[in-house]
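In: Curious how this folds, go ahead:
(one chain, ligands or ions: 1)
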Amino acid sequence: MSFRWNCYLLIVLLFWGCQKPKSIENIVVIGGGLMGSAAAWQLARQGEHVLLLEQQDSVYTFGSSYGDARISRALGPKNDLFTYLQQRSVEEAQLLLNYLEEKTGQKQSMDEVYHTSPVTYIYYESEKMAFDQLVKNQTIPTEYAVNASDAQSKFDMTVPDSAMVIREKLPYSGTLNPQVLIHKMQQGIRLAGGSIYFRHRVNQLIRTADGYELEVENLSDGSKQTMRARRVVSAAGPYNGQLLKDIAPYVSELIRPQRVFLNYFKLNAQVYQSLSEDQQAKFQDYFPVADITQEIMYAMVENWDDDGSPVLKIGGHYLRQDITNLDNTWKKEVTPAEEAWGRDHLVRYLNQIHIPVTAEDLVKTNAHSCVYSLTRTETPYVCSLMNADKRQDPNLVLVGGMSGIGAKGTLTYGLIAANILLGKEDPAPIYHQVTYALGFQHLISDLKENED
Ligand SMILES: Cc1cc2nc3c(=O)[nH]c(=O)nc-3n(C[C@H](O)[C@H](O)[C@H](O)COP(=O)(O)OP(=O)(O)OC[C@H]3O[C@@H](n4cnc5c(N)ncnc54)[C@H](O)[C@@H]3O)c2cc1C
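Out: Presented below is the predicted three-dimensional model:
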């Protein structure tokens with residue numbers, strides 16, 4: 001071999017030697033919102049070494065899980081899958097807290113995660129069938145009023161003539177705090193031996209002969225590295241389609257991100273102070289609420305201000321808009337018309353529960369845009385994805401399309417994702433029904449619908 005070739009060989013060998021060896025991870029979970037944190041926790045507690053990658057810092061500023069309150073509710077028709085998802089999630093939350101208490105010696109309370117309060121639903125004549133199904137043989141403790149005068153006498157509520165009211169009363173129904181839950185799940189991941197890298201964004205995910213390759217950017221210093229993983233969970237919320245563009249391009253057609261908006265209001269301090277004790281207690285007792293109009297107005301206490309008064313959050317489940325640029329959506333201003341919608345609907349409800357306020361008494365404290373990830377049927381996906389020959393890839397799991405309903409079932413979605421990846425089952429028949437409803441067949445049938 002000539003001297004020149006020897007030099008080339010030496011340079012190549014030196015270059016190789018200097019390159020960071022690619023790490024091989026057992027399981028990488030992408031996305032540290034509610035779903036990714038739940039999946040990573042459920043894997044870590046079963047002894048799997050997990051790496052959770054999140055592009056944001058440990059303090060979240062955007063993402064579908066952003067905020068301090070989500071409605072936690074169990075009510076549904078007989079054998080409702082979402083009832084199971086919520087109820088199992090409550091049980092799993094208790095297990096998580098038990099684990100944290102055991103490992104840290106610090107007392108944990110479910111009341112840090114959940115705020116128990118009645119959940120009020122207002123139905124109308126057009127939804128009477130759904131109302132009847134809910135109250136018939138209901139196992140969740142409820143009280144209900146079948147018309148306006150019934151609502152007046154039972155709940156001291158003045159609702160339209162065509163309205164019916166149900167009140168769900170169950171421990172851990174009310175609201176849950178996503179930020180607290182995420183924090184606790186991430187604490188659990190670390191205590192169980194898992195790792196979390198914040199400010200690490202996966203720019204590319206591809207399949208290799210023996211697993212997956214991820215191009216990961218450290219957003220703190222701009223450096224990039226290639227990681228290898230044996231198994232992957234994609235839990236990137238509205239970014240799932242983008243993340244999976246090379247490996248499962250069809251996901252971006254199945255999950256449609258849509259903008260929704262939220263308004264936050266307080267009562268003018270003087271007005272709040274002038275309310276009687278009973279009236280003030282109504283903020284505890286009559287929130288959260290879901291008013292089942294076409295828009296589905298929902299409102300809840302986001303948090304309590306330092307002066308002891310509630311900050312109320314209001315949104316419309318069906319007030320959605322197409323998105324042109326996902327990254328910009330979070331910064332999109334809430335318009336005056338959207339603010340007025342929130343103000344009017346909140347005042348209307350406050351008056352229905354006999355809190356004598358006007359629109360002017362509401363002080364806007366915040367407003368922001370957020371994103372729903374929608375599937376065709378609005379039923380989420382927790383399933384393995386297809387590999388190149390269109391078979392189920394047991395090593396790649398998607399948790400996505402969570403719409404506006406995911407939070408209450410967080411730990412169950414995470415459990416299902418973990419079980420799929422580990423090839424585990426749960427004996428409860430309802431678990432099978434749920435995994436079927438969220439599973440691969442659901443994804444395939446949505447794909448077929450899309451093709452037709
Ligand atoms: C306005 C609103 C109200 C809601 N109300 C309720 C309610 O009352 N009750 C209820 O049960 N549910 C509710 N939900 C639904 C619930 O909040 C969501 O289902 C849930 O938060 C979805 O969590 P996620 O982890 O899938 O998504 P996200 O929270 O968006 O998490 C995804 C994470 O992935 C990260 N990420 C994305 N791409 C990458 C990448 N390439 N690399 C690294 N990280 C990445 C993101 O930064 C993000 O943190 C509501 C949702 C919204 C938007």
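In: wait, isn't Lys331 in contact with Ser369?
Out: Yes: look at Lys331 against Ser369 with CB atoms under 8 Å: they come within range, at 7.5 Å. No exception for glycine: its C-beta is placed from N, CA and C like everyone else's.
In: Just want to know which of these two has more residues nearby.
Out: Between Lys331 and Ser369, counted using other CB atoms under 10 Å, the more crowded position is Ser369 (20 against 10).
In: The more buried one pairs with what?
Out: As for beta bridges, Ser369 partners with Phe261 under DSSP bridges.
In: Now do the contacts for it.
Out: Listed by CB atoms under 8 Å, 6 or more residues apart in numbering, the contact partners of Ser369 are Arg259, Val260, Phe261, Leu262, Thr329, Trp330, Lys331, Lys332, Glu333, Val334.
In: among those residues, who's most crowded?
Out: When neighbours are counted by other CB under 10 Å, Phe261 leads the contacts of Ser369 with 22 neighbours.
In: Would you map out the domains in this structure?
Out: Split into domains by automatic domain parsing, the chain comes to 24-98+178-255+377-451, 119-168, 257-374.
In: Which element is encountered next along the chain beyond the longest helix seen in the chain?
Out: Counting residues, the longest helix found in the chain (DSSP state H) is helix 81-104. Using DSSP states H and E, the helix or strand that follows helix 81-104 in sequence is helix 110-113.
In: for the ligand, what are the nearby residues on the protein?
Out: 30-36, 53-56, 63-65, 70-71, 201-202, 235-239, 243, 260, 262, 315, 370-372, 402, 404-408 (CB under 6 Å from any ligand atom).
In: List the contacts of the closest residue to the ligand within the stretch 251-400 of the chain.
Out: For the stretch 251-400 of the chain and the ligand, the shortest gap (CB to the nearest ligand atom) falls at Cys370, measuring 3.9 Å. Shown in contact with Cys370 (CB under 8 Å, 6+ apart): Ser64, Tyr66, Gly67, Arg259, Val260, Phe261, Leu262, Trp330.
In: State the distance from it to Pro118.
Out: Note on Cys370: its distance to Pro118, by CB to CB, to the nearest Å, is 25 Å.
In: do Glu302 as well
Out: For Glu302, the distance to Pro118 - CB to CB - is 18 Å.
In: cool, Gln152 as well?
Out: For Gln152, the distance to Pro118 (CB to CB) stands at 17 Å.
In: higher neighbour count, these two?
Out: Pro118 (21 against 15).
In: Which pLDDT does the model give the more buried one?
Out: pLDDT for Pro118: 98.
In: what residues are up against it?
Out: By CB under 8 Å, 6+ apart, the contact list for Pro118 reads Arg167, Glu168, Lys169, Ser173, Gly174, Asp285, Tyr286.
In: OK, now which residue of the stretch 1-150 of the chain is nearest to the ligand?
Out: Using CB to the nearest ligand atom, the single residue of the stretch 1-150 of the chain nearest to the ligand is Gly33, 2.1 Å away.
In: residues making contact with the helix or strand that Asn351 is a member of?
Out: Using DSSP H and E, Asn351 sits in helix 336-352. Contacts with helix 336-352, where a contact means CB under 8 Å, 6+ apart, come from 157-159, 261-263, 265, 289, 291, 297, 299, 312, 314-316, 319, 357-359, 361-362, 364, 367.
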